[in-house]
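A.B. asks: Return atomic coordinates for the entry below.
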Amino acid sequence: MWPANKKIRVMVIDDSILARKLIVDGLSRSPRIEVVGTAFNAQDAMSKVAQLRPDVITSDVEMPGMDGITLGKGIRKRSDTVRIVYLTAHESYAFPSYSVRADGYILKADYRKQLPEFLTRILEEERERQTEDF
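C.D. replies: Numbering: from 1, shown residues only. From the prediction side, this is the model:
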């Protein structure tokens, strides 16, 4: 069972240094969230996900090189348990994000309030699911 005091381990992926900092700073304010790492693009993220083993990754969709959707497909091939939440400025990416079974899609303009609440909901859902398995 997911312990009540277990923090959500989050990895933040965004090509913008400023966006990464703002997201990390915002998430770090929550006592239920632990930012375990960051990545500056999809290639960097792919090399870190296996070693950091986050519960959730937040990813920008539009990045140079490999985009976030392709990254999500690569992560899904390796792990079906990592939750994926896309943060982007473009509403048009909502539908493609679900093609990789993303757990959420949040516009960057709304992330400060929505992202911590969403991650807390993921924790609660996981705890309930594991309780039902017994």
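A.B. asks: for the chain, what spans make up the helices?
C.D. replies: 17-28, 42-52, 68-78, 94-98, 111-132 (DSSP state H).
A.B. asks: Need the winner for burial among those helices.
C.D. replies: helix 68-78 (a mean of 18; mean count of other CB atoms under 10 Å). Backbone N, C-alpha and C define where each C-beta goes, glycine included.
A.B. asks: name the helices or strands packed onto it?
C.D. replies: helix 42-52, strand 56-59, strand 83-88, helix 94-98 (3 or more CB pairs under 8 Å, 6 or more residues apart in numbering; DSSP states H and E).
A.B. asks: So residue 53 sits against residue 34, correct?
C.D. replies: No. Under the criterion of CB atoms under 8 Å, residue 53 makes no contact with residue 34, lying 11.8 Å away.
A.B. asks: got any residues that touch both of these two?
C.D. replies: residue 9 (CB atoms under 8 Å, 6 or more residues apart in numbering).
A.B. asks: pLDDT score assigned to residue 106?
C.D. replies: Note for residue 106: predicted pLDDT of 80.
A.B. asks: what's the distance between it and residue 65?
C.D. replies: 23 Å (CB to CB, to the nearest Å).
A.B. asks: Kindly report the same for residue 72.
C.D. replies: 14 Å.
A.B. asks: in the protein, which helix or strand is least confident?
C.D. replies: Within the chain, no helix or strand scores below helix 94-98, which has a mean of 56 by mean pLDDT, DSSP states H and E.
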